[in-house]
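Trainee: Return a 3D structure for these sequence lines:
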Amino acid sequence: MNVLVHHYFSVGESLTMVTGRIHGVFDEPFEVGEERLPISVSIGVASTKPNAIQRPIDLIEAADAALYAAKHRGRNTVVEHGFVQMIDEAGMALAG
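Mentor: Residues are numbered from 1 along each chain as shown. The predicted structure is shown next:
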């Protein structure tokens, strides 16, 4: 599941707080009938400030890449995409 959260917050402390709350929801197993199924959550995060170079899809692709990296690292993992924007000599935007 991909979720896009659009809200202004400082990435450092708030990111930890938000992902902690999300993980907390899934601390207890999910009950289906008499079965208790453990659930894990992998979270990929990307953030940037609005600018004239990046397109909205760039942010979504960065978050998607972070999500796949979190899934690859294992259960209950959070990965923040190191979204760095650079301009090359030709004026083209390069995502790092």
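Trainee: Do a quick rundown of the helices in the protein.
Mentor: 11-25, 56-73 (DSSP state H).
Trainee: per-stretch mean pLDDT over those, give me the minimum one.
Mentor: Least confidently modelled of those is helix 11-25, at a mean of 75 by mean pLDDT.
Trainee: what helices or strands is that helix leaning on?
Mentor: Using 3 or more CB pairs under 8 Å, 6 or more residues apart in numbering; DSSP states H and E, the elements in contact with helix 11-25 are strand 43-45, strand 78-80. C-beta here means a position set from N, CA and C on the backbone, and glycine is covered the same way.
Trainee: Turn the ones you listed into CSV, columns for distance to Arg55, mean neighbour count and mean pLDDT.
Mentor: Shown next, in CSV, are these (distance: least, CB to CB, whole Å; neighbours: other CB atoms under 10 Å; pLDDT from 0 to 100):
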stretch, distance to Arg55, mean neighbour count, mean pLDDT
strand 43-45, 18, 20, 87
strand 78-80, 20, 20, 87
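Trainee: Output the helices of the chain in CSV, with mean neighbour count appended to each entry.
Mentor: Converted to CSV, these look like this (neighbours: other CB atoms under 10 Å):
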stretch, mean neighbour count
helix 11-25, 12
helix 56-73, 16
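Trainee: Turn these into CSV, including distance to Glu31.
Mentor: Below are the helices of the chain laid out as CSV (distance: least, CB to CB, whole Å):
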stretch, distance to Glu31
helix 11-25, 14
helix 56-73, 25
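Trainee: State the phi and psi torsions of the residue of the chain positioned farthest from its centre.
Mentor: Going by CA atoms, centre = their mean, the residue of the chain most distant from its centre is Glu34, 33.1 Å out. With angles defined as degrees, to the nearest 10, Glu34 sits at phi -100, psi 0.
Trainee: what's near enough to touch it?
Mentor: With CB atoms under 8 Å, 6 or more residues apart in numbering as the criterion, no residue contacts Glu34.
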